[in-house]
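**Student:** Sequence isn't available, so here's the structure alone:
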């Protein structure tokens, strides 16, 4: 007979303990097996299927399935799902009855019976209803850290809107959904803006009682991060004043290695729209041909630069370029008070007048736009006129001037050009000349015999002064471009995004680069005088 010690366990206790340990272990193993026995269900090419298209469903398992079954867990029952399927099952052409939640279960060699059901997969049928509209507020062009609101709206009375995003990698994901009442729009706030939140957005409309039946997708809206790179430069060739029916070429260029340029236009109604984009290589400029010129193609243009591998990151906008259509009305006349030849230091005032009912006049010279004046009152002859005081005359005022008339309700439509006025500022007041001189005419202008020698002296002085000015201007421009080229050789563009520079193309200098607002040899052809503008342009471009 064996006697159990006071401190030792009995054989029965040991046996019970072993049984309990084995039972717990078997429960853990069964739980793990059950979890591994659950298959997964996928849809190709997408679980969002346009009306009338097909979708392929496949049931996946850790080991090859001999066959599988499909189950529709809500909505209309489909007899085509009955029975066993091998490898894949093609659903369609889909109707609204195919929309719903699906699961699958399969047979495998490693399983004694049918597996557990997979997690549900929602098959959405799109295009059943007309597409909603989408808009970006305040603008689709945003700086990093700012917020943008995407507004979805439809007249069909949807009570649910779904927002989807496609980013630069091609990933398509749902960004959110919102319930509304009646015809109220849905506002989705996106931000603070990062590269992850930039992309192409679309929205769908639906009804809460049929959650898997959606409308067609809205038109896409691209949400862009601007200001990532320095602004490019923009120039107009042959110039920003374009006669109706003619063409103008807008060139965009950057001191950085941007290989894509996007041109945007603001019309007289304030609409901001994309006009086109061009792929280039390296420092090559992008050329956008605008025309034949009509009132619809006139407006304010800006361009942006980007990289093709990162399409949602753009540069800051270029300076604005105002493209004006001319020849829409009869030309005004331009004259100088006291005559076109004045002594240095005397006040110079140019008068632009017209029989047409213009309410704005514009004065231009070789130096660019000199200003815009509202019409005051009628002149002595009954014509509408505007006076342009240039101040005390200096040699710098000498040159050819022209004026145009326009209407405030159509700011990008101007009249024909006035006849040119040649203004000469000298140290003598004894010469008398006609009020205008057209450099394009070959007719001789009659002068009194006693003044002809004085006129030739004045003309010679003007020609000498003009030649000297052209030489000095060319010398300064050469110095600017040489200095910029040397500075570029000392530093690469990748290490200095913000450096200013100059680009010379076909004899026309335009400023490129940004942190320094240095416009050496840059003719300022912006027609409208503007205050400093904000970086973002809060107009809708769609």
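**Tutor:** It's in. Keep in mind it's a predicted model, so treat the numbers as computed, not measured.
**Student:** Can you pull the domain assignment for the chain?
**Tutor:** 40-123, 130-225, 327-440 (automatic domain parsing).
**Student:** Average pLDDT for the second one, rounded please.
**Tutor:** Averaging the model's pLDDT scores along domain 130-225 yields 90.
**Student:** Now do the end-to-end distance for that domain.
**Tutor:** One end of domain 130-225 to the other measures 30 Å (Cα to Cα, to the nearest Å).
**Student:** Likewise for the first one?
**Tutor:** Terminal residues of domain 40-123 are spaced 14 Å apart (Cα to Cα).
**Student:** can you list the weak-confidence ranges in the chain?
**Tutor:** For the chain, the stretches with pLDDT under 70 are 1-37, 75-77, 167-172, 267-273, 281-283, 374, 376-377, 381, 428-542.
**Student:** Show me what residue 405 is bridged to.
**Tutor:** residue 361 (DSSP bridges).
**Student:** Pipe the domains of the chain into TSV and attach mean neighbour count and distance to residue 254 per row.
**Tutor:** For every residue, glycine as well, the C-beta is placed using N, CA and C. What follows is these, written out as TSV (neighbours: other Cβ atoms under 10 Å; distance: least, Cβ to Cβ, whole Å):
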stretch	mean neighbour count	distance to residue 254
domain 40-123	16	38
domain 130-225	17	17
domain 327-440	17	23
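**Student:** Nearest to residue 246, out of those domains?
**Tutor:** Proximity to residue 246 (Cβ to Cβ) singles out domain 327-440 among the domains of the chain, at 9.1 Å.
**Student:** For residue 245, find the nearest of the domains of the chain.
**Tutor:** domain 327-440 (8.3 Å).
**Student:** Ok, which of the domains of the chain comes nearest residue 309?
**Tutor:** Per Cβ to Cβ, nearest to residue 309 of those: domain 130-225, 8.0 Å.
**Student:** ok, back up a step: residue 298: which of the domains of the chain is closest?
**Tutor:** Of these, nearest to residue 298 by Cβ to Cβ is domain 327-440, at 3.7 Å.
**Student:** sorry, back to before: need the domains of the chain in CSV with distance to residue 311, can you?
**Tutor:** What follows is the domains of the chain, written out as CSV (distance: least, Cβ to Cβ, whole Å):
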stretch, distance to residue 311
domain 40-123, 22
domain 130-225, 6
domain 327-440, 30
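**Student:** Residue 235: which of those is closest?
**Tutor:** With Cβ to Cβ as the yardstick, what comes closest out of the domains of the chain is domain 327-440 (12.7 Å).
**Student:** Show me the contact partners of the helix or strand residue 67 falls within.
**Tutor:** Residue 67 belongs to strand 65-72 when assigned by DSSP states H and E. Under the contact criterion Cβ atoms under 8 Å, 6 or more residues apart in numbering, strand 65-72 has outside partners 39, 57, 59, 78, 81, 83-86, 89, 100-109, 114, 117.
**Student:** part of a helix, is residue 97?
**Tutor:** Yes. Under DSSP: H, G, I helix; E, B strand; the rest coil, residue 97 falls within a helix.
**Student:** And it, how far from residue 342?
**Tutor:** 88 Å (Cβ to Cβ, to the nearest Å).
**Student:** With residue 112 instead?
**Tutor:** With Cβ to Cβ as the criterion, residue 112 and residue 342 are 109 Å apart.
**Student:** Same question for residue 367.
**Tutor:** Distance from residue 367 to residue 342, by Cβ to Cβ: 18 Å.
**Student:** what's across from residue 368 in the sheet?
**Tutor:** Listed by DSSP bridges, the beta-bridge partners for residue 368 are residue 365.
**Student:** An error on my part: the question was meant for residue 385.
**Tutor:** Where residue 385 sits in a bridge, its partners, by DSSP bridges, are residue 353.
**Student:** wait, isn't it in contact with residue 350?
**Tutor:** No. Distance between residue 385 and residue 350: 10.6 Å, which falls outside the contact criterion (Cβ atoms under 8 Å).
**Student:** residues contacting residue 360?
**Tutor:** Neighbour list for residue 360: 372, 373, 374, 375, 386, 405, 406, 407, 408, 411 [criterion: Cβ under 8 Å, 6+ apart].
**Student:** Show me where the chain has its helices.
**Tutor:** 11-36, 452-490 (DSSP state H).
**Student:** Grab the nearest non-local neighbour of residue 320.
**Tutor:** residue 300 (4.9 Å; Cβ to Cβ, 6 or more residues apart in numbering).
**Student:** mind checking how far that neighbour is from residue 265?
**Tutor:** For residue 300, the distance to residue 265 - Cβ to Cβ - is 7 Å.
**Student:** can you tell me how far the nearest residue to residue 38 once chain neighbours are set aside sits from residue 39?
**Tutor:** In this structure, residue 38 finds its nearest non-sequential neighbour in residue 116, 4.5 Å apart by Cβ to Cβ, 6+ apart. Per Cβ to Cβ, residue 116 is found 8 Å from residue 39.
**Student:** Same question for residue 180.
**Tutor:** 37 Å.
**Student:** now residue 249
**Tutor:** 61 Å.
**Student:** So if I had to pick from the two, which one is more boxed in?
**Tutor:** Set residue 249 next to residue 39 and count neighbours by other Cβ atoms under 10 Å: residue 39 wins out with 22 against 13.
**Student:** now the contacts of residue 360 in CSV, with distance to residue 207?
**Tutor:** Converted to CSV, the contacts of residue 360 look like this (distance: Cβ to Cβ, whole Å):
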residue, distance to residue 207
372, 54
373, 59
374, 55
375, 58
386, 61
405, 57
406, 52
407, 50
408, 49
411, 47
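**Student:** And the furthest pair within those?
**Tutor:** The span of those, defined through Cβ to Cβ, is set by 386 and 411 at 15.4 Å.
**Student:** that older thread, just give me the closest of the contacts of residue 360 to residue 130.
**Tutor:** Nearest to residue 130 among those, counting by Cβ to Cβ, is residue 411 at 37.4 Å.
**Student:** if we can go back for a sec, test my guess that the residue nearest to residue 320 contacts residue 275.
**Tutor:** No. Using Cβ under 8 Å as the test, residue 300 is too far from residue 275 to be in contact (11.5 Å).
**Student:** Now do the shared contacts for those two.
**Tutor:** residue 265.
**Student:** okay, the two: which has more neighbours?
**Tutor:** Per other Cβ under 10 Å, whichever of residue 300 and residue 275 has more neighbours is residue 300, with 22 against 16.
**Student:** for that one, which residues make a bridge with it?
**Tutor:** Bridge pairing for residue 300 - DSSP bridges - gives residue 266, residue 322.
**Student:** And residue 253, by the same measure?
**Tutor:** Beta-bridge partners of residue 253, as defined by DSSP bridges: residue 233.
**Student:** What about it, how many residues nearby?
**Tutor:** 24.
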